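1. kindly return the folded structure for what I paste below:
(chains A, B, C and D)
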Amino acid sequence: MIEQVAFYILSAVAVLGALLAVSRRNLVHGVFALLLFFAALSGLFVMLLADYVAAVQVLVYIGAVGILLLFTIMLTEHVTGDDLRRLGVRGWFWGLLLAVAVPAVLILPAVLNEKSAKAAPIVVAQGNPALANNATQANTVKALGKVLMEKYVVPLEVLALLLTAALIGAVAVAHAPEKDASGKDTPA
Amino acid sequence: MSNLTLEHYLILSAVLLGIGLLGVFTRRNVIVVLFSIEILFNAANLNFIAFWRFGDQPEALMGPIFALFAIAVAAAEVAVGLALVIAVYRHFKTVDLEKLDTLKEE
Amino acid sequence: MSTEKLALIPLLPLLAAVLTCGMRCGRRAAAVAIGAMSLSLAIALVMLANAWAHGGVQTVSLADWLVVGAAKIQFSLLLDPLSACMAAMVTFVGLLIFIYSSGYMKDDPRCARFFCYLSLFAAGMLGLVLANNLLLLFMSWEIVGVASYLLIGFWFHKPAAAAAGKKAFIVTRIGDMGFLIGILLAFTQAGTLELFDNGNGLLEKIPTGVVWGIGAAKLISLFLFCGAIGKSGQLPLHVWLPDAMEGPTPVSALIHAATMVAAGVFLVARTFPLFVEGQTLPLVAWVGGLTAFVAALIALGQYDIKRILAYSTVSQLGLMMVGLGTAATGAVGMFHLFTHAFFKALLFLGAGSIIHGCHEEQDIRRMGGIARAMPITTAAYLCGALALVAFPFTSGYFSKDAVLISAYGADRNLFYLCALTSLITALYVTRQCVYVFIGTHRGAQAPHESPPVLTAPLVILAAFALGLGGLAGNSLLAKLGAKHSEHPFAVIATSWAVALGGMLLGWVIYARRDLGRTTDPLALSALANKFYFDELYAATVGRLWTALTWLVVMLQELLAGVCELGVQLTQATGQFFARSVDVRLIDELTMDGLARRFHKGGEVATGFQTGLLSGYLRWIALGALAVGVFVHWLWK
Amino acid sequence: MIDTLIHILALTAPVAMIFASLFAFTTWLERKILARIQNRIGPNYINIPFTKFRKTFGLLQPAADGFKMLVKEDIVPHGADRFLHLLAPILALVPAMMVLCLLPFDLPFANESMKRIHAAALDNAVLLFFGITSINTLAVFMAGWASRNKYSLLGGMRAVAQMVSYEIPLVLSAAVVIMAVGSLSAQKIVAAQSTHWFIFTPWGLAAFFIFFIASLAETNRSPFDLPEAESEIIAGYFTEYSGFKFALFFLGEYLSIFAINGLAVTLFFGGGNGPWVQAHPWLSCVWFLAKIFGLIFIIIWLRGTVPRLRVDQLMAFAWKFLMPLSILNLFVAAVALKVQQPWLTWPLCALVLYAAAHGLSRLQQKNVGPRTYQYAE
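-> Predicted coordinates:
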């Protein structure tokens, strides 16, 4: 009972956060709505007993990405939100339609007829209640660390490489060219 | 007790997907598009973890690993994306998508 | 002396010609030419003695010239009394004329070239005389023709001389055509061109085939006679000889008195067996007779001293042809040729010295009283004149008498024609002598006697003109194979009457007339204008020729037109295809048309490239949607 | 399901109450110590209304401040973003409180089931700790931006920059201990330190040194209190805050100090271990709090003595000194843990770390010339 209530609350918060993030005219409000959405999601992860991922979600998204977005908004002029007259880009109506259609196509078969659900390619474990039985199970951080270090050590290294590359790349791209003596931008 | 099934989570992530696409397709501001892309990423992560939890070998820890990697990549993507946005802003003095149409075929 | 030296006779003058052609100094060239000529004269005399002793035919083969399959054409020479005499005569007269012309041409700037041509002429003549091969004979024949053209047109800056040279060359060429056809026929029939080839030569084994329905020998002899007519200036082709007087006097003397014109007669004499076999001798005789009569008449009407002599030469050649045509062998004609060579050379050289004396004056109406001014030349000239008239006991008398006898024997009408010709000959000779020697000098400047270098050859020739007939007459005839025939009294009487009568008649007509100012009684306009032969030819051959050229031009125009038509046609078709098929069909379908359609398609495609990022994303989403629907439908 | 909720509540409520009261005491403590450092007495004269009892050694000063805060007018600048202006102090306070619960208090009255839940829920306590503290940066920025004031925005940007750059050395130094213990759970870390505290290992000492400095920067204290440098930008990001919101900010700040020092204690000073703890288990809380207050004394001491750092020095110190040192420390610790002989590892690690520290500092001074004074002679 508690889980269901928690689930519905969290999902409501998540949807609300997402909607606000997308629709707000004031960008900063958008960012904070987005952070709310991240927090809700982190809650959902905890509900799904993936608390390490929840922690990382909080640390990475709320801690870093949020700040990054705020900095970007600071550096571009529209801090106080879009002063543009209209919100949407040309042909936004088609966008709306598609935005509804794509998830519909994903959900529809599951909703429309049970049969297709059974035939759904996803093999759903029989009766695997979420919380109770395997709470104390292998999802400790140690197990995760062991698997990462043994089975997925190469992807981990690649990921490390990717992150450094992204770090350096971002700095290089966003690097403001130094003003030379005459105040003109020296080529970056 | 709790009869939360996989479908609940799938529907939720589908809805989030929809909202993300909405942001991507309709908003004029590049940064809002980046927000929506983040939303898409998270919807995907939610799916990973949901399938992992309701999957048949939870101990293989596939879900969290995938989620972690996804998060890492998303973080890198945001960093580079925003750097690009700043560079674009410095060059074009605007972040409005309709004005950034130099790709257009003359 | 063996016969190998025979080749030296023609080669020495040829060598002299080659040497002198580079020289510029006249005197040195003359010396070389005269030296070469005297050497070849010496050899010729030796050969004459050898031939006289041997009597028969000796052949010498120097080298192979053309080897065509089985047939072999060689540089081969032959030696028999006929060719030996001719060689001796040509070299002796040639030497005298060389000496004469070294004086005559002394102050001419191109004197070296003159001697080069003379040597070339002598080489050609000697080659012709000694040749044993018809083709070699024909080659020398042509060299002589070229030399005569060069010599006649020596003063090429004078248009008349150049035209005369060209005329001589072309007319003799017409004759040579016949000669060549004859040679080819002989070659096809007999298989060889060697005259004497120890047994199977052309003259030894007369070809007996039938060509175009006429006997081979007859046909070949006729064609060879054509060559003789052209070269010796017989009736139809005689027009070039009087005009050839444009050349310097020694040239006229050498070519138109002694040697070249004699070549035709020599050819007939050389190939006599063919004529006998082909029974063409009467034709030869009558052509000769007619030529003699007509030429004599024209000579009466001429006022140029050299032209009178030219026509007299033509007339005498006619008589030679009569001698050949009527006698059994060629001896009589040849004997007259020898004697004529000497006194005609004398007359020409005399005329040259007279002209030289009267400061290049050639018209007899402006001469007169030369006898007192130039006694030596006059004396020598009168000896020649007497020989020409056949005054009794001169060399001319003996040879012309022989001709009349053979004519009397063969054809009585011909005899009467020859007698009349002799009468006319005597007439125009006396007319000329009266005009030139008697009375007062009608010219602008008084004549003066020529230097000894000119008069010496005259005196030598005068001696020969008078003595040759009597002394060497009989032995020469015997050597040439003449049958000893009796001398009918009638013939001798008529010859005496004709000679003396003609002189008397001439003296009567011309002696007391005031020459120069009054018109000449016998110089009728027809005679003066040479029976309008030139005009005749011009009218007929000339017009024919222009008609032919016009025809050729028209033909060419036609061909050009046809080509043009073809070009136009192909262009038209090309144009048609280019415009219709190429442009409308191919371009439209494959090249430009296709390109245009692609372009439009491209433009439609660019419509999608709006540059709006969201637009692109939407299209991607649509694609994903479609795939999703398809997958679901697939798994339904 | 309900009893688990009750258990959770039972665990978290007393911790919150304890630290809230301690907040008041520490404000007084701080003002007293600063005064003593600056050779003055500090607050000592508070007269309780309606009584004449005055000399209270200033102990009531925090209550007085609190009351003042409640009474003062709460001004919101015109054009400021009202919602965010209100949200910022809350966002500063809530994470601090949540983090406190993660600390390994073994409360005396806790029974077995409560202990089990506590342990299970906080399997990766340290990671969660860092996750939640990073929200703090967000609150600071929100405050700075929402008060629509140039100085507050500048203060906010400086604070964010500082906190983001010092987060890395903080996490890396903690990582050393986690590597040593092999678990993220606070209880396990404390258990591992039962015999000897990590502070007494060379890498532990270096790690504590880095952790302590980074924690100062994280909570904007003493040498790193650039964001609210009065001389330059008035009060930094909370210039526009007055009244109760300002009080909330202060409470949030002090709680995060307690939390970070609590973590320092658990990581390096063996949490609740101390003499006589086996005999009287309730002594672990006392020891835990005592150690925390030791660290807090040092912090206040530093605040009184050390001058403020310039921004570029601040950033250079973080990126060019602390971070390399902490990464090196990670390697050294790995080697030391492998090689168990302390007589060998001690001198070696100490030598390496000291050399690195010396080298890096020398690197800094390369372009720092003698100071030049333009006006003062």
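2. roughly how far apart are the closest residue to residue D:82 other than its chain neighbours and residue D:242?
-> Of all residues not flanking residue D:82 in the chain, residue D:76 sits nearest, at 5.9 Å (C-beta to C-beta, 6 or more residues apart in numbering or on different chains). Placement of C-beta: from N, CA and C, glycine included. Distance, residue D:76 to residue D:242, by C-beta to C-beta, to the nearest Å: 9 Å.
3. repeat that for residue D:320.
-> Residue D:320 is 39 Å from residue D:242, by C-beta to C-beta.
4. on that earlier part again, would you check that the residue nearest to residue D:82 makes contact with residue D:84?
-> No: using C-beta atoms under 8 Å, residue D:76 is not in contact with residue D:84; the gap is 10.6 Å.
5. contacts for stretch D:62-75, please.
-> Defining contact as C-beta atoms under 8 Å, 6 or more residues apart in numbering or on different chains, one finds that stretch D:62-75 is touched by D:23-25, D:27-28, D:46, D:240, D:242-247.
6. how about the contacts made by the residue of chain A found nearest chain D?
-> Closest to chain D within chain A is residue A:63: 2.9 Å, counting by C-beta to the nearest C-beta. Contact analysis of residue A:63 by C-beta under 8 Å, 6+ apart lists D:131, D:134-135, D:137-138, D:167.
7. next, count neighbours for the residue in the stretch 201-350 of chain C that chain A sits nearest to.
-> Nearest residue of the stretch 201-350 of chain C to chain A (C-beta to the nearest C-beta) works out as residue C:246 at 101.9 Å. Under the neighbour criterion other C-beta atoms under 10 Å in any protein chain shown, residue C:246 is assigned a count of 23.
8. same check, this time on residue C:594
-> Using other C-beta under 10 Å: residue C:594 sits among 12 other residues.
9. pLDDT at it, what is it?
-> For residue C:594, the pLDDT comes out at 82.
10. how near is it to residue C:605?
-> Applying C-beta to C-beta, the value for residue C:594 to residue C:605 is 16 Å.
11. equivalent analysis for residue C:151, please.
-> For residue C:151, the distance to residue C:605 - C-beta to C-beta - is 96 Å.
12. average pLDDT across stretch C:222-232?
-> Averaged over stretch C:222-232, pLDDT sits at 88.
13. how many neighbours does residue C:104 have?
-> 26.
14. thought it was touching residue C:355?
-> No: using C-beta under 8 Å, residue C:104 is not in contact with residue C:355; the gap is 9.8 Å.
15. can you list residues touching both of those two?
-> Common neighbours of residue C:104 and residue C:355 (C-beta under 8 Å, 6+ apart) are residue C:249.
16. tell me where the model's unsure across the chain.
-> No chain in the question, so chain A it is. Low-confidence segments of chain A (pLDDT under 70): A:77-87, A:111-140, A:178-188.
17. try chain B instead
-> In chain B (pLDDT under 70), the answer is B:1-2, B:105-106.
18. got a list of what the closest residue to chain B within chain A touches?
-> Closest to chain B within chain A is residue A:95: 2.6 Å, counting by C-beta to the nearest C-beta. Shown in contact with residue A:95 (C-beta under 8 Å, 6+ apart): A:88-89, B:21-22, B:24-26, C:614, C:618.
19. hey, where'd the helices end up in chain B?
-> Counting by DSSP state H, the segments of chain B that form helices are B:6-26, B:30-54, B:62-92.
20. among the ones you listed, which comes closest to chain C?
-> Ranking those by proximity to chain C (C-beta to the nearest C-beta) places helix B:6-26 first, at 5.3 Å.
21. got the angle for the closest one vs helix B:30-54?
-> 170 degrees (axes from the mean of the first three to the mean of the last three C-alpha atoms, to 10 degrees).
22. ok so, going back, more neighbours: residue C:151 and residue C:605, which one.
-> Taking other C-beta under 10 Å, residue C:151 and residue C:605 do not tie; residue C:151 has more neighbours (24 against 10).
23. which residue, other than its chain neighbours, is closest to the more buried one?
-> residue C:251 is the one closest to residue C:151 (C-beta to C-beta, 6+ apart), at 4.3 Å.
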